[in-house]
Each structure stands twice: as C-alpha cells, then as structure tokens.
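Asks: give me a model of this one.
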Amino acid sequence: MKSIVTKIAVFAFAVFAVIVLVSTRFQINEKRAEIEMKQEENDKLRDEKEALENELAEIGDEDHIVDIAKEKLNLRLPEEIIFYNDLYN
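Replies: Take a look at the predicted model:
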C-alpha cells in the first residue's frame, strides 16, 4: 500500500514539475517578446531623438533660416527671379 501511495506521490510531483516548467517557459517567451518590442521602441525613439538633435543643430544655420522663410513665409531673396504660370493644362 505504501508503495502505491509513494508512486502516486512521485507521479503527481512529476506532473506538477512539468506543468511548472511549461508555464515558466511560456512566461519566459512572453517576456522575451516584450523585451524585443521595448528594444524596437527604444531604437525608434533614439532615431527620433537624433533627428530632432540634427534639426536643432540646423536652426542657427543661415541656409535653414532661408529655407524656412521660403517655405513657411513665402519670402524670396532679392536676387531670385520668380516665374508664375497662370495657364492650366
């Protein structure tokens, strides 16, 4: 009788251990996927930060000021010649 109880206890412990291992494996895979997603987000934010730093460095540049004046304020330099075409195709 003790032998059967011992075998059942060992079998139950083995089943429990397998369930715990499988569950832990799923959690590890979920955490790895989460880490990978966070790393991709971090890389994206790093690239965005570098782009903003580059843009910030260009702000004092005279060419950048001229480009903004042309694009946003529709201003032109005195030596530029502008042609308008009122004809539509």
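
Asks: give me the most central residue, the protein.
Replies: Centrality entry for the chain: nearest residue to the mean C-alpha point is E41, 2.3 Å, by CA atoms, centre = their mean.

Asks: residues touching it, list them.
Replies: By CB atoms under 8 Å, 6 or more residues apart in numbering, E41 lies in contact with nothing. From N, CA and C alone the C-beta is placed, and that goes for glycine too.

Asks: what about the longest helix along the chain, distance to the chain center?
Replies: When the chain is parsed with DSSP state H, its longest helix is helix 2-58. Averaging C-alpha positions (CA atoms, centre = their mean, to the nearest Å) puts helix 2-58 18 Å from its chain's average.

Asks: and after it, which helix or strand comes next?
Replies: helix 62-72 (DSSP states H and E).

Asks: so for that next one, mean pLDDT?
Replies: For helix 62-72, mean pLDDT is 84.

Asks: gap between it and the chain center?
Replies: Put simply, helix 62-72 sits 31 Å off its chain's centre (CA atoms, centre = their mean).

Asks: for stretch 54-71, same thing?
Replies: Relative to where its chain is centred, stretch 54-71 has its mean C-alpha point 28 Å off (CA atoms, centre = their mean).

Asks: can you tell me how far the residue nearest to the centre of the chain sits from T6?
Replies: Computed as CB to CB, to the nearest Å, the E41 to T6 distance reads 52 Å.

Asks: for the residue nearest to the centre of the chain, give its distance to N54.
Replies: The value you get for E41 to N54, if CB to CB is used, is 21 Å.
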